[in-house]
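>>> dropping a prediction and its sequence here:
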Amino acid sequence: MTVEVFPGDAAEAVAEVRARLVADGVPAALAAGSPALWGPAAQPEAEIRLGWLTLPQTSRELLPELAKLVERVRAEGLEHVVLAGMGGSSLAPEVICATEDVPLTVLDTTDPGQVRRALADRLDRTILVVSSKSGGTVETDSHRRIYEQAFRDAGIDPAGRIVVVTDPGSPLEKTATELGYQVFLADPNVGGRYSALSAFGLVPSALAGADVTRLLDDAAAIQPLLGQDEGNPGLELGALLGGMALGGRDKLILRDSLSDINGLPDWIEQLIAESTGKEGKGILPVVGAEAAEAHDQYVVNIGAEGDIRVEGPLGAQFLVWEYATAIAGQVLGIDPFNQPNVAESKENTAKILGSAPEIGAPLLVDGPVEVYGELHGHPKNLADVLTALLQAVPAEGYLAIMAYLDREAAFDAAPLGAGDFEQTAEAWAAADVATLRSLLDYRTTHAVTFGWGPRFLHSTGQYHKGGPQVGVFLQITGAVTDDVAVPGKPYTLGQLQFAQALGDIGALRSRNRPAVRLHLTDREAGVAHLLAVAEEL
Ligand SMILES: O=P(O)(O)OC[C@H]1O[C@H](O)[C@H](O)[C@@H](O)[C@@H]1O
């Protein structure tokens with residue numbers, strides 16, 4: 001694996017950072033697992049968070065049991081692998097499976113429509129992996145309950161269909177053992193976003209058909225370089241990330257369009273945003289943008305194209321980005337292993353679920369779109385609202401779009417294989433709320449990000465609340481027509497999804513950042529109207 005770095009006008013700053021890291025012995029100390037690199041306050045956490053450095057060896061212990069499980073699942077004809085897991089418990093398997101082109105259905109949503117879609121797909125041949133490090137994540141717990149009920153309703157014993165990945169001693173381990181599920185225990189000394197090469201990355205990927213031994217081999221091959229001062233791709237990349245941010249270039253545009261690796265930017269996004277976005281500092285990853293348009297942005301490419309690029313196989317990429325993020329944390333003076341602000345939105349959500357939410361009257365209604373929030377300039381319609389939000393972005397700021405909707409709804413716009421692929425893709429883009437990112441990006445030089453709620457809460461959500469206070473937030477929610485009950489809980493998925501949106505916007509507003517919620521009273525018409533208005537701005 002090589003990492004080629006052409007830092008352009010930041011070369012001096014990056015070289016300085018690199019020289020300081022080498023002089024301080026940081027590369028070798030990190031490779032050896034020293035927990036003291038991030039200061040005394042971070043040391044207790046670092047002492048139990050550096051297990052990822054040796055996963056290319058320690059994870060091999062899992063392989064025999066995993067091979068047996070794969071064999072059983074194949075023999076029983078369970079061909080539909082569904083993974084319920086949030087953030088670090090699903091982002092790596094998603095990239096691994098997309099890169100190897102093996103099918104995996106990822107459930108990291110509370111959208112009732114998206115969950116219904118998964119449930120309706122080959123339930124009789126489904127194996128569900130429930131992955132949660134803490135074992136207490138509400139989305140994952142809900143998915144488990146919903147699938148248990150669905151299996152029972154279909155006369156299927158859930159014990160043969162549910163496999164659990166969790167940390168030893170978690171409440172999920174206890175429940176799973178009681179219910180007779182097969183449990184894979186992960187290394188507790190590895191944080192969620194550093195867990196790609198642990199049981200969290202490997203179990204669902206192997207079930208889906210990926211070659212996980214090769215992943216570990218590719219990571220192992222790069223390991224010896226990580227202790228070196230020269231020819232160390234993790235050091236080069238870490239000095240780049242840290243040096244750029246210190247020099248004011250803290251928006252990292254991640255591109256993988258010409259790469260053999262499919263979707264790594266989404267995984268990197270969580271790793272970097274959650275690891276660095278705290279104490280008013282941080283690096284904002286931007287996925288989906290074409291090019292850097294302002295002095296606070298730069299582009300890193302995955303694969304062989306581009307000025308700044310990271311080349312190499314996926315297993316090695318995981319380890320190098322983890323190492324580089326830990327280095328960047330040291331450079332920025334933050335603890336790269338905690339996520340101090342993620343809990344705020346979760347606590348708000350729990351409060352909202354326990355009482356009827358107060359919504360108030362909309363600021364305005366424009367067709368199928370209701371607008372909630374406050375904005376300067378007395379907006380009269382949706383176009384005014386979008387313009388006001390773009391104008392509210394301060395220097396070195398960003399606009400974050402967060403959509404609590406069905407991520408796959410746009411695929412209903414045109415069936416695959418009906419027309420030529422270009423037409424089909426155009427129909428999808430025209431029905432996909434994520435297209436709003438590029439439409440608004442086109443109208444500003446500031447960074448524009450897009451995240452699916454609640455998925456992003458476990459990723460950029462930390463940066464939004466803990467990073468520099470320069471974000472402007474556009475949240476999108478939608479009416480639910482066909483809700484899904486969560487067995488054993490007093491709420492439905494739709495209620496949970498809505499409470500998550502309100503909980504997060506409450507946390508953002510408490511920081512006095514501009515935050516507007518658009519509510520689509522008809523989802524399909526609402527998305528079409530929103531995109532049409534954004535196109536005309
Ligand atoms: O694996 P779990 O314990 O369910 O956690 C899933 C996610 O939850 C939280 O939001 C953390 O901030 C993430 O880092 C983590 O990946």
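Yes, it's here.
>>> going forward, measure contacts between C-alpha atoms and count neighbours the same way
Noted.
>>> quick check: residues of the stretch 251-400 of the chain near the ligand?
For the stretch 251-400 of the chain, the contact set with the ligand under Cα under 6 Å from any ligand atom comprises 339, 342.
>>> let's see it at 8 Å
Proximity of the stretch 251-400 of the chain to the ligand (Cα under 8 Å from any ligand atom) is limited to residues 270, 274, 339, 342-343.
>>> for the stretch 1-150 of the chain, same thing?
By the rule Cα under 8 Å from any ligand atom, the part of the stretch 1-150 of the chain lying against the ligand is 85-90, 131-138, 140.
>>> in strands, which of the residues you listed fall?
Among these, the subset assigned to strands under DSSP state E consists of 131-132.
>>> narrow the residues of the stretch 1-150 of the chain next to the ligand to those in helices?
138, 140 (DSSP state H).
>>> out of the residues of the stretch 1-150 of the chain next to the ligand, which are buried?
In terms of neighbour count (16 or more other Cα atoms under 10 Å), the buried residues within these are 85-90, 131-135, 140.
>>> walking through the stretch 1-150 of the chain, point out its helices one by one.
11-23, 26-31, 43-47, 55-58, 63-75, 91-100, 112-119, 138-153 (DSSP state H, counting those that start in this stretch).
>>> elements contacting the helix or strand encompassing His529?
Assigned by DSSP states H and E, His529 falls within helix 523-536. On a contact count with 3 or more Cα pairs under 8 Å, 6 or more residues apart in numbering; DSSP states H and E, helix 523-536 meets strand 369-372, helix 382-392, helix 421-431, helix 435-441.
>>> tell me which residues in the last one are buried?
Applying a neighbour-count criterion of 16+ other Cα under 10 Å, one finds 435-441 buried in helix 435-441.
>>> save these as TSV, and put in pLDDT too.
Output for the buried residues of helix 435-441, formatted as TSV (pLDDT from 0 to 100):
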residue	pLDDT
Thr435	98
Leu436	98
Arg437	98
Ser438	97
Leu439	98
Leu440	98
Asp441	97
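>>> just to revisit the earlier point, which residues sit against the helix holding His529?
367-369, 382-383, 386, 430-433, 435-436, 439-440, 478-479, 520 (Cα atoms under 8 Å, 6 or more residues apart in numbering).
>>> at 6 Å instead, please
Residues outside helix 523-536 that contact it (Cα atoms under 6 Å, 6 or more residues apart in numbering): 368-369, 383, 433, 478, 520.
>>> want to throw those residues into CSV with neighbour count, pLDDT and distance to Gly180?
Below are the contacts of helix 523-536 laid out as CSV (neighbours: other Cα atoms under 10 Å; pLDDT from 0 to 100; distance: Cα to Cα, whole Å):
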residue, neighbour count, pLDDT, distance to Gly180
Pro368, 19, 98, 47
Val369, 26, 98, 47
Ala383, 18, 98, 55
Val433, 27, 98, 41
Gly478, 25, 98, 38
Leu520, 25, 98, 42
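>>> do a quick rundown of the strands in the stretch 101-250 of the chain.
In the stretch 101-250 of the chain, the strands defined using DSSP state E, counting those that start in this stretch lie at 105-107, 126-132, 162-166, 182-185.
>>> OK, contacts around the residue lying closest to Gly478 once chain neighbours are set aside?
Distance criterion Cα to Cα, 6 or more residues apart in numbering; nearest residue to Gly478, sequence neighbours excluded, is Leu520 at 4.5 Å. Counting by Cα under 6 Å, 6+ apart, Leu520 makes contact with 368-369, 478, 526.
>>> adding distance to Trp321, write these out as TSV.
Converted to TSV, the contacts of Leu520 look like this (distance: Cα to Cα, whole Å):
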residue	distance to Trp321
Pro368	42
Val369	40
Gly478	36
Gly526	38
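>>> out of the residues you listed, which comes closest to the ligand?
Among the contacts of Leu520, Gly478 lies closest to the ligand (Cα to the nearest ligand atom), at 22.7 Å.
>>> now the angle from the longest helix along the chain to helix 11-23?
Counting residues, the longest helix in the chain under DSSP H turns out to be helix 314-332. The directions of helix 314-332 and helix 11-23 differ by 90 degrees, with axes from the mean of the first three to the mean of the last three Cα atoms, to 10 degrees as the criterion.
>>> single out the most deeply packed of the helices of the stretch 1-150 of the chain.
The highest mean neighbour count among those belongs to helix 91-100 (a mean of 24), with neighbours defined as mean count of other Cα atoms under 10 Å.
>>> so what's the residue count around Leu502?
Neighbouring residues of Leu502 were enumerated by other Cα atoms under 10 Å; the total is 22.
>>> quick one, phi psi at it?
phi -70, psi -40 (degrees, to the nearest 10).
>>> check Phe450 too.
Phe450 has phi and psi values of phi -130, psi 130 when expressed as degrees, to the nearest 10.
>>> in helices, which of the residues of the stretch 251-400 of the chain next to the ligand fall?
Within those, residues falling in helices by DSSP H are 270, 274, 342-343.
>>> who wins for neighbours among those?
Glu274 (31 neighbours).
>>> quick one, what contacts it?
Applying Cα under 6 Å, 6+ apart to Glu274 gives the contacts 459, 462.
>>> re the thing from before, hey, what's the residue nearest to Gly478 bridged with?
Beta bridges link Leu520 to Val369, Gly478 when assigned by DSSP bridges.
>>> please identify which helix or strand holds Pro394.
Assigned by DSSP H and E, Pro394 belongs to no helix or strand.
>>> the closest residue to it other than its chain neighbours: neighbour count?
In space, and not counting its chain neighbours, Pro394 is closest to Val470: 6.3 Å by Cα to Cα, 6+ apart. As a burial measure, the neighbour count of Val470 was computed by other Cα under 10 Å and equals 18.
>>> separation between Val470 and Leu66?
Distance check for Val470 against Leu66: by Cα to Cα, to the nearest Å, it reads 45 Å.
>>> go through the helices of the stretch 1-150 of the chain and find the least confident stretch.
Among the helices of the stretch 1-150 of the chain, helix 11-23 carries the lowest mean pLDDT, at a mean of 91.
>>> tell me what that helix is packed against?
If you count contacts as 3 or more Cα pairs under 6 Å, 6 or more residues apart in numbering; DSSP states H and E, helix 11-23 packs onto helix 233-246.
>>> next, the angle from the helix it packs on to helix 314-332.
Put simply, helix 233-246 runs at 40 degrees to helix 314-332, going by the same axes, to 10 degrees.
>>> for the ligand, what is the nearest residue in the stretch 351-500 of the chain?
His458 (3.6 Å).
>>> name the nearest residue to that residue, sequence neighbours excluded.
On the basis of Cα to Cα, 6+ apart, the spatially nearest residue to His458 that is not a chain neighbour turns out to be Gly87, at 5.1 Å.
>>> do the same with Pro468
Nearest-residue entry for Pro468: Gly280, 4.2 Å, with adjacent residues in sequence omitted and distances by Cα to Cα, 6+ apart.
>>> so Ile308 sits right up against Val300, yeah?
Yes: the criterion here is Cα atoms under 6 Å, and Ile308 meets it with Val300 at 5.1 Å.
>>> are the one helix or strand Ala507 maps to and the ligand in contact anywhere?
Ala507 is part of helix 493-509, with elements assigned from DSSP H and E. No: using Cα under 8 Å from any ligand atom, helix 493-509 never reaches the ligand; the gap is at least 12.2 Å.
>>> residues contacting that helix, please?
110, 112, 345, 348-349, 352, 483-484.
>>> what mean pLDDT would you report for stretch 154-161?
When pLDDT is averaged over stretch 154-161, the result is 98.
>>> pull out the buried residues from it.
Taking 16+ other Cα under 10 Å as the criterion, stretch 154-161 shows 158, 161 as buried.
>>> mind checking how far it is from the chain centre?
Average the C-alpha atoms of stretch 154-161, do the same for its chain, and the two points are 30 Å apart (Cα atoms, centre = their mean, to the nearest Å).
>>> one more: stretch 66-84?
Using Cα atoms, centre = their mean, the distance between the centre of stretch 66-84 and that of its chain works out at 25 Å.
>>> likewise for stretch 11-29?
Taking the mean of its C-alpha atoms, stretch 11-29 sits 29 Å from the chain's own mean (Cα atoms, centre = their mean).
>>> same check, this time on stretch 197-217
Stretch 197-217 has its C-alpha centroid displaced from the chain centroid by 19 Å (Cα atoms, centre = their mean).
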